[in-house]
Structures are given as C-alpha cells and as structure tokens.
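Enquirer: Got a sequence here, can you model it:
(chains A and B)
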Amino acid sequence: MRTPASQRYISLIYHHSMSTSLTLQSNSADRSLPKAPTGIPGLDEVTNGGLPRGRPTLMCGSAGCGKTLLAMEFLIRGATEYREPGVFMAFEETTEDITQNVRSLGFDLNKLVRQKKLALDFVRVERNEIEETGEYDLEGLFIRLNAAIDSIGAKRVVLDTIEALFSGLQNEGILRAELRRLFRWFKDKGVTAIITGERGDGTLTRRGLEEYVSDCVILLDHRVTDQVSTRRMRIVKYRGTTHGTNEYPFLIDEEGFSVLPITSLGLQHEVSDERISSGIPRLDRMLGGAGFYRGSTVLLSGTAGTGKTSLAAHFVHAACERGERCLYFAFEESPGQLIRNLRSVGIDLGKCVEKGLLNIHSSRATFYGLEIHLALIHKMVQQFKPDIVVADPIGALISAGSRHDAQLTIVRLIDFLKARGITAMLINLTSGGDTLEHTAVDISSIVDSWLLLRDIELGGERNRALYVLKSRGMKHSNQLREFLLTDHGVELLDVYVGPEGVLTGSSRMSLEARERASAMAAQQESDRKARERQRKREALEAKIIALRKEFESEETESVLVASEEVARKDRLEDDRYSMAVSRGADEGNGNTRPRRKLNSK
Amino acid sequence: MKKASAKTPLSLEELARNQSADDSEKWDLRLYVAGQTPRSLTAFANLKRLCEEHLAGRYSIEVIDLMKHPQLAAGDQILAIPTLVRKLPQPIRKIVGDLRDTDRALVGLQLRPAKN
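Expert: As a prediction, this is how the structure comes out:
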C-alpha cells in the first residue's frame, strides 16, 4: 500500500448523522442560485458565475479529455483565489502521480497541502482483495471524506473517478443507493463537489451517474477531425440557471485550463472616429486622407508576392512608432524570418519587438484545430492587450478545418477584436486561379476596408498595383496605384492611364520619358519664339532711335541754315553800309549802324 | 480456483498440512465498524462465531470504530463498513459485509477454497 498521504489527516471527531441526509435542501427555494466561481478563464462566463454552490456537478468525458485536470484546477483556484480549501479524492491515480501530473501545469500541490488548503486522498479499490459477504454500506468512504473535509475546512470536493467503485464492489444495488446518499450528503454538508465520470457508450457516463447528479452536468470532448484535435466542452444541463449552450473550445496549456466562450458577440460594439495611419502617407491619402478607422477590420488580399506582408509591416511599424501595441500572428513564417525579410524593404520590426510593442506569434495553421487557434488568439489578445492585430495569412486557417468552419472562426475573431476596439488587419492570399475579388474564406462582406493588391503583367513584366476596393465610412480613392517595394519601404505611384491603357513599370517609365522629351521640345520651341520676339523688339527700338537721330540732325541743320541766312543778311547790310560809308553817302537814308545793331543777334 | 503457490500458503492442501503441523499460527484480524450499529454488532457476532469454530485459540480480533478514529480508514483503504481485514497471516485479505454468509466469509479468509 502506498498511501503516505493518508497520514496527513489529523484526527477529528466525526459528526455525520444519517438522519439529516433526508432533509430537503434549504437553499433550493432561493431565487438566484448561489454559485462557486471556478476561476478558470471562460468557464465562469459560460456558466454565468461558476458551478452550483453546495451541490455536486458531474464532469464527464472520454479518456484523456481533461476531466481530472479541470477538477483539480477547480480545487486549486478555489484554494488560492477564493479561500475555499478543497479535498481531492482519487480512485485511479495515486497522490504522487497526481502531484506530478499537475506540476507540469505549474501547480505545486505539496505546497497547498502543507498550507492546509488542499487535501489529497487516494482510495484504492482492488477487487481481487475483497470478498463480499452480507450487507454493507460505504460509511468508510463517508468517514474518510468527512475527515478530510473537516481537517482543512474544505468547501470543495472532487471525486475522481467514483465509478472505480463499480469495478471494485460487486453489489451494484448497494453501490447505487450509497452514491445517491453520498450526493445528498454533499448537499447537506454544503460542499461544492465535482464528480468525474468516464463517458459511456451512448450515455454520458458508463455507470449512469447522471441519474444521481442532476444539478449540473458538463461534458468534455476531445475530437480529432482530419488529424487535428480539438477539445470542446458543453454544459449539458445546469438546473436553475441560464448558461451558455454551445460547444465551447477549451485549451489545456502550461497555465492550465481555459475555456473560450466564443460566440457571436453581436454588433453592439462602440465605434471610434479616430483614424490611424496605414504607415504609407500616399495610402492614407487614398483612404479619405487619414487612414483607417481605429477598431475597423482591414482585409488585404492579393496573389502571391504582391507585397501584402510588407504593407502590413508598414502598418505595424507605424503603429509601434506611435507607441501602440501590436500582435502579429504569422501562420507561415517564423518571427526571425519575418523580421529578416522585412528588413530587405527597409522595415525594421526587430526594434519594435525589442521595445516590447510587437509580439510576433508564429504557428503552423495545421498545428491545432481552428478553435484552438481562435482560443490562442483570444488568450494572447487578453494577455498582450494589443491595439492592432495582424493575421497573416488568414486563409491558412482553412487547412486547420473546413472552409465553413474557418469562415465561422474568422467571423468570431473579427467580432471579438471589434468588441475590444482592436484594429485588425487580415491578410488573405488569393490563389492564382481564383477571381481576385473573392476571398478564400468569404469574409469580404464583413470587413470594413478592403485593399486589393494585384499584379499587372505588361511588356514582359509583372508589376504590383494596389487599389482600395472598399472602405466603409470614408471617401476613398477609386484609383489604381502602382505599388513599388523599394529599399526604404513601400512607395505608391500613379499609374499611367492614357490612350494605350494602364501602364506600369518600364512601359510607364518609357512612356513618361517620351512625354518628357516632347514636353522639352515644346518648351524649346516656345523659348525660341520668345527670343525672336525680343530680337524684333530690339530691332524696332534701334530703328526708332535712328529716325529720331535723323530728325534731330535735320532740325539742327535747319536752324543752322536760318542763322546763316541772318548772318548773311547782316553781312550784306554791313557790306552795304561800309559801301555807303566808302561812297560817303549822308546818314539820312536809314542805313545806319545802330539799326543794324538792334536787328543782329 | 486458486492455484497453490509459495505466496499463498493457505491453499487447501497446505492449509490441511498447516493445521496438522502448525496449529499455533497466529491470526490477526481487524474489524472496521462505524458506531454501534446493528450491522456492526451482527458482523462482530458472526466473526466471533466463525473464529471460534475454525481458529479457536489462535486468533485476535481488533475492532476499530471509525467514528472515533476516522484517520485509520485510509491505512487499510476502508470504504465499506463493516470490513474485516486479515492482517496475518499474509497476504492481506478484505471481507466486506456483515459476514452473514459464512461460506463466503471462509472463502474470503481462505479457510476454505472458493467453489465455482
């Protein structure tokens, strides 16, 4: 016998009285059912607050679905988070095994046992050791349970798996009666209990335990479809309360159990008028001049190698520069590879990662089932609290499930991100044969902005082009832009639209060169004409000056002639006078000198 | 039908041999009960009678009331009440019930071979 754990109980006086077990539950008349929170992320949401307090809950499922772990986590969280110590009674595994099993999930049971927050008990039932003769009951089990409960003041109990009793004891009649008594006793005792049960063929449990535990039944399931496993849980019934009725995927990881209440969250989320840059100024201008709306969903679709990831990287980089947090789910590249490749176009995401603003999470789509992917995204979003989430490429999820499932998953993802005001950028690879305006998972109708990247084959080249197919709530450009991947990132250029159609790449460049040449010729022609005009003007002005000079010289000439005439007349008079003088004429005939003096100049 | 082996010396043949050769072998029996219920009283009375008939003078019975000593239930992995545990001779055997069925009780204690 290997039961050192049993020595941990201290002796306590046993107060159990059979007569009380038939009294009715006093709290059954309560309108609101008291609940014991499990502390397990998601499970409390699905159950609207936890398991029914003071009542047993049946946890059933096939082997390896996580019953024991869920039950154990219920106890551990109860003990550590809600000050409700718990008793774990194992019928299949020894306490050492259990301690070891949950250590891998980060729970230290020994410590909790030392702190008297948890009691572990292993009940071994060996049929070949036991002979049955006559009447008996399971009072021994009751006493052990009671002692364990009283030793630490337990409020929670787990029996894992009580069905083992059926293989150890033959008298089913007694067993069933005793189980019924046990579950009633739990209610009287006021402990919240989880009873686990192996799933039977066509029934919830192999031994029909659901007959006795009628308050709450939770079914765990572990399904493998196309070699991809998904764990799901469902609340089969929960008496006296509302609860989620769907199948919810759950995760078991290094932090334990988490259930993902992924339902369609409705469309009541708050909207933001804030605009955020796409990281490419030219693209922002195409998007009504300001970029995307915060909290909107952006779809980037395009054929292979059209620069979808680079465009997304710009967006992420710009966000990190603004100090926002980004979560990048890469389904095809490892973080290192992604960072290296983007460095070649001049985008350094490494720095963003170092600053802790960017978290690149890489996982192959086929590594988990769809729900688990969604679950992981949920979990990481809740932990990292990003402003922006990028999923690259979203279509990869199809390989993890069917097309329909993938679509549902993505719709749920979009709803989830929208409800949190997170801007989502989904990248969708359009395969060559598909029409461009067709997303692999038919989600185009629920996204807010859709950028289409395409290649244009022309003149022996394949060039990239981008356009905004739709963008709700903004006046977006209707134009095609040529999209260049340069050493310093993405550049958007106008494409040439002319009589020869849309031209890109070298054709555009040669046409632009031709246009430049003809423009230059026209310029030269007009320059030449201007020069000619100038010359003519100068010639005209020169002529005017010459004429004016001619006129001036003529004028001078005529004045000279006139003065000469005067001088000649004077001289003539002088001559006449001097002649008169020499002839000795009298002075009375008027040819006198004073008169001449008056007339002369 | 249990096969005779070295580990189970109390098979039919060996038992016969033992009884003649070593009647002084000590039987150490423990009866677990929970309170003075009619069933535990019946069990004790049945046990007493059985021992007097088959093991006169070489047995000891220890009655453990789990109401008083609940911590002792784990040691012998007691679930059902009443349970009779044969501590000696080895190996340990358990018989649950009030020992009303003497034949089965004897088989359980390996004082008589099981008949199929």
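Enquirer: Going toward the C-terminus from the longest helix along chain B, what's the next helix or strand?
Expert: For chain B, the helix that runs over the most residues, judged by DSSP state H, is helix B:38-54. Sequence order places strand B:59-65 as the next helix or strand after helix B:38-54, per DSSP states H and E.
Enquirer: picking that back up, what's the angle from the longest helix of chain B to strand B:59-65?
Expert: Helix B:38-54 runs at 170 degrees relative to strand B:59-65, counting by axes from the mean of the first three to the mean of the last three CA atoms, to 10 degrees.
Enquirer: Remind me what helix B:38-54 packs against, helices and strands.
Expert: The contact analysis (3 or more CB pairs under 8 Å, 6 or more residues apart in numbering or on different chains; DSSP states H and E) places helix B:38-54 against strand B:27-33, strand B:59-65, helix B:102-108. No exception for glycine: its C-beta is placed from N, CA and C like everyone else's.
Enquirer: May I see those organised as a markdown table, with mean neighbour count, mean pLDDT and distance to A:Tyr496 added?
Expert: What follows is those, written out as a markdown table (neighbours: other CB atoms under 10 Å in any protein chain shown; pLDDT from 0 to 100; distance: least, CB to CB, whole Å):
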| stretch | mean neighbour count | mean pLDDT | distance to A:Tyr496 |
| --- | --- | --- | --- |
| strand B:27-33 | 21 | 88 | 97 |
| strand B:59-65 | 15 | 87 | 99 |
| helix B:102-108 | 19 | 78 | 100 |
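Enquirer: Could I get the buried residue list for the longest helix of chain B?
Expert: Residues of helix B:38-54 classed as buried: B:Arg39, B:Ser40, B:Thr42, B:Ala43, B:Phe44, B:Asn46, B:Leu47, B:Leu50, B:Cys51, B:His54 (neighbour count, 16 or more other CB atoms under 10 Å in any protein chain shown).
Enquirer: and which of these is nearest to chain A?
Expert: When the buried residues of helix B:38-54 are ranked by distance to chain A (CB to the nearest CB), B:Arg39 comes first, at 5.9 Å.
Enquirer: How about the contacts made by that closest one?
Expert: A:Glu135, A:Tyr136, A:Asp137, B:Ile81, B:Pro82, B:Asp98 (CB atoms under 8 Å, 6 or more residues apart in numbering or on different chains).
Enquirer: Contact partners for the first one?
Expert: In other words, A:Glu135. Contact analysis of A:Glu135 by CB under 8 Å, 6+ apart lists A:Ile174, B:Arg39, B:Gly97, B:Asp98, B:Arg100.
Enquirer: what's the most distant pair in those residues?
Expert: Farthest apart among the contacts of A:Glu135 by CB to CB are A:Ile174 and B:Arg100. That separation is 13.5 Å.
Enquirer: higher neighbour count, the two?
Expert: A:Ile174 (18 against 14; other CB atoms under 10 Å in any protein chain shown).
Enquirer: Surely that one and A:Asp137 touch.
Expert: Yes - using CB atoms under 8 Å, A:Ile174 is in contact with A:Asp137, at 6.8 Å.
Enquirer: still on that earlier bit, in PyMOL, how would I select just the buried ones from the contacts of B:Arg39?
Expert: Buried residues among the contacts of B:Arg39 (16+ other CB under 10 Å), as a PyMOL selection:
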select buried, (chain A and resi 135+136+137) or (chain B and resi 81+82+98)
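Enquirer: What is the nearest of the contacts of B:Arg39 to A:Ser510?
Expert: Using CB to CB, A:Asp137 comes nearest to A:Ser510 of the contacts of B:Arg39, at 98.2 Å.
Enquirer: what's the spacing between that closest one and A:Arg462?
Expert: 83 Å (CB to CB, to the nearest Å).
Enquirer: now swap in A:Arg231 and tell me
Expert: Taking CB to CB, one finds A:Arg231 at 45 Å from A:Arg462.
Enquirer: Show me which of these two is the more surrounded one.
Expert: Neighbours around A:Arg231 and A:Arg462, counted as other CB under 10 Å, are more numerous at A:Arg231. The numbers are 23 against 13.
Enquirer: what are the bridge partners for that one, then?
Expert: A:His222 (DSSP bridges).
Enquirer: Can you name every helix or strand that the strand or helix carrying A:Glu564 contacts?
Expert: Using DSSP H and E, A:Glu564 maps to helix A:505-583. Other helices and strands packing on helix A:505-583, by 3+ CB pairs under 8 Å, 6+ apart, are strand A:449-458, strand A:461-471, strand A:496-498, helix A:593-599.
Enquirer: need the residues of chain B near chain A, please.
Expert: Proximity of chain B to chain A is confined to B:32, B:34, B:39, B:42-43, B:46, B:66-71, B:73-83, B:92-101, B:104-105, B:107-108 under the rule CB under 8 Å from any CB of the partner chain.
Enquirer: wait, what's in contact with the residue nearest to A:Leu43 when sequence neighbours are not counted?
Expert: Nearest non-adjacent residue to A:Leu43, counting by CB to CB, 6 or more residues apart in numbering or on different chains: A:Val259, 4.5 Å away. Listed by CB under 8 Å, 6+ apart, the contact set of A:Val259 reads A:Ile40, A:Pro41, A:Gly42, A:Leu43, A:Glu45, A:Val46, A:Met233, A:Tyr248, A:Pro249, A:Phe250.
Enquirer: Out of those residues, which is nearest to A:Ser310?
Expert: Taking CB to CB as the measure, A:Ser310 sits nearest to A:Pro249 out of the contacts of A:Val259, at 33.0 Å.
Enquirer: need the contact list for A:Arg472.
Expert: If you count contacts by CB under 8 Å, 6+ apart, A:Arg472 has them with A:Ser296, A:Asp448, A:Ser449.
Enquirer: okay, now the first one: neighbour count?
Expert: Meaning A:Ser296. Neighbour tally, A:Ser296, other CB under 10 Å: 24.
Enquirer: correct me, but it touches A:Trp450?
Expert: No - taking CB under 8 Å as the definition, A:Ser296 is not a contact partner of A:Trp450, at 10.8 Å.
Enquirer: any shared contact partners between those two?
Expert: Overlap of the contact sets of A:Ser296 and A:Trp450 (by CB under 8 Å, 6+ apart) is empty.
Enquirer: Serialize the helices and strands packed on helix A:505-583 to JSON lines and add fields for distance to A:Gly153 and mean pLDDT.
Expert: Output for the helices and strands packed on helix A:505-583, formatted as JSON lines (distance: least, CB to CB, whole Å; pLDDT from 0 to 100):
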{"stretch": "strand A:449-458", "distance to A:Gly153": "58", "mean pLDDT": "83"}
{"stretch": "strand A:461-471", "distance to A:Gly153": "61", "mean pLDDT": "83"}
{"stretch": "strand A:496-498", "distance to A:Gly153": "81", "mean pLDDT": "69"}
{"stretch": "helix A:593-599", "distance to A:Gly153": "155", "mean pLDDT": "51"}
